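In: Predicted structure and sequence below. I'll ask about it afterward.
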Amino acid sequence: MSHSEQGVAKVTLAVIVIMVLGPVGAGAQSTSLQTDWGHPDLQGVWDFRTITPMERPEDLGDQAFLSAEEAAGLEQAAVDREARLWNEAARRTEAGGNVGAYNNFWLDRGTRTVGSRRTSLIVDPPDGQIPPLSEAGQQRADARQVYRRDHPADSWEDRSVGERCVLGFNSGPPMEPRAYNNHLQLFQTQDYVVIYNEMVHDTRIIPIAHGVELPDTVTQWMGQSLGRWEGETLVVDTTNFYNKNSFTERHGSTPGMQLVERFTRTDANTLVYQFTVEDQDTWTMPWTVEVPMARSDDQVWEYACHEGNYGMDGILAGHRAEELANGSFRR
């Protein structure tokens, strides 16, 4: 198929999706809490920015919740930090410094703690921490650390999927609030739910109460997701992960990880997203995260990721130059 034919095919597919699922803009927001066919209506644009950390800070000990005053103080500090960084004079990057990161203009972590005022997004275990690695998980983590030190850029496959613009770094699944693009849009039909992440271009089309489970030998970037309704909650079970999506790559989980996500619309402006991950080959116990998402009147914008692709020649060439300089270059 020629490039022009591919372009026509993509446009045609996009038109079909929009005709079936509705427009991809702020106008697609749903104010009703139920669909015409009786399911809870989860549709719309949802914002999951938060300054609440994934794990509870060590200095908070066993404090599971902030006081109203503590939460207000953290939020004001975040607002003040954004104002200070916005008003700072521009500075040139110096040789030897971090030339790979964005400045604050591009970051959008938000300025709000979660509404429950929890001290961590992790709600289980009760200490708000990712559980310890299992013996096998620790062995793999140690081996990865050694490999990354000795082989940072043998090929493009040694670079992260986020850097290579393959997948978004917060879209998983599961989804985690991170530096920016913390928005998604949900669409529904009677038989499918679509999760369209703003980060990069990730879209999950999830069948509801139907679908054929893949054999264990077939893995996918974002796994295989199958949905079902439990009362007012959409439950999505995902298995068959390839071992290099944004979540598995960062946390070191295996293709055998079991993910259960729960989406519950608690009022017109709140969608509670909860996920539990279980992988006996990585952690000593399952762990659960809860992220309240806020309804947004904004739209999901097109996101283009190019830096890693444009920079890959330089990354690999630079490492080859280092190898030549220290005598470790291998053809």
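Out: Perfect, thanks for sending it.

In: Only C-alpha atoms from now on, for both contacts and neighbour counts.
Out: Fine.

In: And the helices in the stretch 151-300 of the chain?
Out: 246-251 (DSSP state H, counting those that start in this stretch).

In: ok, so what distance separates Asp154 from Arg117?
Out: 45 Å (C-alpha to C-alpha, to the nearest Å).

In: what's the answer for Pro174, then?
Out: 22 Å.

In: In stretch 37-51, which residues are buried?
Out: 39-51 (16 or more other C-alpha atoms under 10 Å).

In: residues in contact with stretch 247-267?
Out: For stretch 247-267, contacts defined as C-alpha atoms under 8 Å, 6 or more residues apart in numbering pick out 33, 40-42, 137, 140-141, 160, 169-170, 172-174, 219, 232-243, 271-282.

In: Now do the SS call for Gln145.
Out: For Gln145, the secondary-structure state derived from DSSP: H, G, I helix; E, B strand; the rest coil is helix.

In: Now do the contacts for it.
Out: Gln145 neighbours (C-alpha under 8 Å, 6+ apart): none.

In: Any quick PyMOL command for the buried ones out of the contacts of stretch 247-267?
Out: Buried subset of those, written as a PyMOL selection, criterion 16+ other C-alpha under 10 Å:
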select buried, resi 33+40+41+42+137+140+141+160+169+170+172+173+174+219+233+234+235+236+237+238+239+240+241+242+243+271+272+273+274+275+276+277+278+279+280+281+282
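
In: Of the buried residues of stretch 37-51, just say which sits nearest to His183.
Out: Asp47 (4.6 Å; C-alpha to C-alpha).

In: Leaving out sequence neighbours, find the closest residue to that closest one.
Out: His183 (4.6 Å; C-alpha to C-alpha, 6 or more residues apart in numbering).

In: so that neighbour touches Asn197, yeah?
Out: Yes - His183 lies in contact with Asn197 (C-alpha atoms under 8 Å); the separation is 6.4 Å.

In: list the contacts for the residue nearest to Asp47?
Out: Val45, Trp46, Asp47, Phe48, Arg49, Asn197, Glu198, Met199, Val300.

In: would CSV of those with distance to Ser225 be doable?
Out: Shown next, in CSV, are the contacts of His183 (distance: C-alpha to C-alpha, whole Å):
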residue, distance to Ser225
Val45, 21
Trp46, 20
Asp47, 22
Phe48, 21
Arg49, 24
Asn197, 15
Glu198, 19
Met199, 19
Val300, 22
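
In: quick one: which of the residues you listed is nearest to Arg164?
Out: Nearest member of these to Arg164, counting by C-alpha to C-alpha, is Met199, at 13.4 Å.

In: residues contacting that closest one?
Out: Counting by C-alpha under 8 Å, 6+ apart, the residues that Met199 touches are Gly168, Phe169, Asn170, Ser171, Asn181, Asn182, His183, Tyr303.

In: nearest to Gln224, of these?
Out: Nearest member of those to Gln224, counting by C-alpha to C-alpha, is Ser171, at 14.7 Å.

In: what about that closest one, distance to Pro177?
Out: 9 Å.

In: could I have stretch 302-316 exported to PDB, CA atoms only?
Out: What follows is stretch 302-316, C-alpha atoms only, in PDB (Å, rounded to 0.1, in the frame of the first residue of the first chain):
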ATOM      1  CA  GLU A 302      -3.000  15.800  19.300                       C
ATOM      2  CA  TYR A 303       0.400  14.900  20.700                       C
ATOM      3  CA  ALA A 304       3.500  14.400  18.500                       C
ATOM      4  CA  CYS A 305       6.600  12.700  19.900                       C
ATOM      5  CA  HIS A 306       9.700  13.100  17.800                       C
ATOM      6  CA  GLU A 307      12.700  14.000  20.000                       C
ATOM      7  CA  GLY A 308      13.800  10.400  20.600                       C
ATOM      8  CA  ASN A 309      13.400   9.500  17.000                       C
ATOM      9  CA  TYR A 310      15.400  12.500  15.700                       C
ATOM     10  CA  GLY A 311      18.000  12.100  18.400                       C
ATOM     11  CA  MET A 312      18.500   8.300  18.100                       C
ATOM     12  CA  ASP A 313      21.300   8.700  15.500                       C
ATOM     13  CA  GLY A 314      23.100  11.000  17.900                       C
ATOM     14  CA  ILE A 315      22.500   8.800  20.900                       C
ATOM     15  CA  LEU A 316      23.900   5.700  19.200                       C
END
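
In: Many thanks, have a good one.
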